[in-house]
Every structure is written in C-alpha cells, then in structure tokens.
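Visitor: The sequence isn't on hand, but the structure is:
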C-alpha cells in the first residue's frame with residue numbers, strides 16, 4: 001500500500017495518508033490558490049484506497065483556518081470516506097478545534113450533519 005505526504009506551507013495544510021494503516025491527517029491552514037488541484041492527489045488516493053480499505057480508518061482533521069473553496073474540497077474528501085464507510089469499513093473522523101474557535105467547531109458540526117460517518121469533536125487548548 002502506498003502513502004501520500006504533502007508538506008504544509010503557510011497557505012496549504014500538511015496531508016499525511018498512510019493507506020497501509022488507514023491513517024489520514026490533515027493539519028494547518030487551507031487557503032491554496034487552487035483548492036481543487038491541491039486536494040486532487042488526496043481524492044485520487046482515496047478512490048484507490050476505497051477498492052481495498054483497511055477495516056478501520058482514522059481521520060484526524062486539525063485545521064486552524066480554511067477558505068470557501070477548501071471547504072468544498074474537504075467535503076469531497078468526506079464523501080469519499082462516506083462511500084468507504086457505507087461499504088462496511090469503520091471510519092472515524094476526529095475534528096480538532098481550539099477551545100475559543102466557535103467557527104471551526106461549527107464547521108465540524110456542519111460536516112457532521114451532512115456526512116453519515118462517525119465524527120468526534122475534540123477541543124484542544126490554544
């Protein structure tokens with residue numbers, strides 16, 4: 001199984017997806033010039049992963065900020081995960097937010113309402 005690692009920049013998040021262990025992490029800021037192009041490799045890896053997913057997939061999302069175009073791409077990622085979940089694989093999305101960041105908590109709750117995948121809201125100290 002392969003792995004995708006994209007190092008973060010001031011405008012793009014760090015993405016680390018290890019298909020062999022079923023661990024996906026997205027962390028940092030997501031305000032790329034072209035969100036669709038930036039998230040495309042991850043979406044393609046998830047499509048391949050869907051063919052033979054691990055029994056359990058853990059997703060850790062710890063974003064400090066994301067723009068509107070990123071939110072659509074993140075939803076696309078979640079929809080791929082939802083399809084894997086519906087196929088019988090256990091998926092858990094851990095949504096991390098800073099204790100005073102109401103916007104990030106609400107964003108996680110919005111995704112939770114749209115996607116039928118177990119979500120866990122995790123408050124972290126600033």
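Guide: Yep, that arrived. Note that the coordinates shown come from a computational prediction; the quantities given were computed from them, not determined experimentally.

Visitor: C-alpha only now, for contacts and for neighbours.
Guide: OK.

Visitor: Name the residues of the longest helix seen in the chain that are buried.
Guide: Using DSSP state H to define each element, the chain has its longest helix at helix 68-86. Across helix 68-86, burial judged by 16 or more other C-alpha atoms under 10 Å covers 70-71, 73-74, 76-85.

Visitor: For residue 63, give me the pLDDT.
Guide: The score at residue 63 is 97. That number is its pLDDT.

Visitor: Which positions within the helix or strand hosting it qualify as buried?
Guide: When elements are assigned from DSSP states H and E, residue 63 belongs to strand 56-66. Within strand 56-66, the residues that count as buried by 16+ other C-alpha under 10 Å are 57-66.

Visitor: Skipping its backbone neighbours, what lies nearest the residue of the chain most remote from its centre in space?
Guide: Distance from the C-alpha centroid of the chain, by C-alpha atoms, centre = their mean, peaks at residue 100 (21.3 Å). Spatially, and ignoring its direct neighbours in sequence, residue 100 is nearest to residue 126 (7.9 Å; C-alpha to C-alpha, 6 or more residues apart in numbering).

Visitor: Can you give me every residue that contacts the one you found?
Guide: 98-100 (C-alpha atoms under 8 Å, 6 or more residues apart in numbering).
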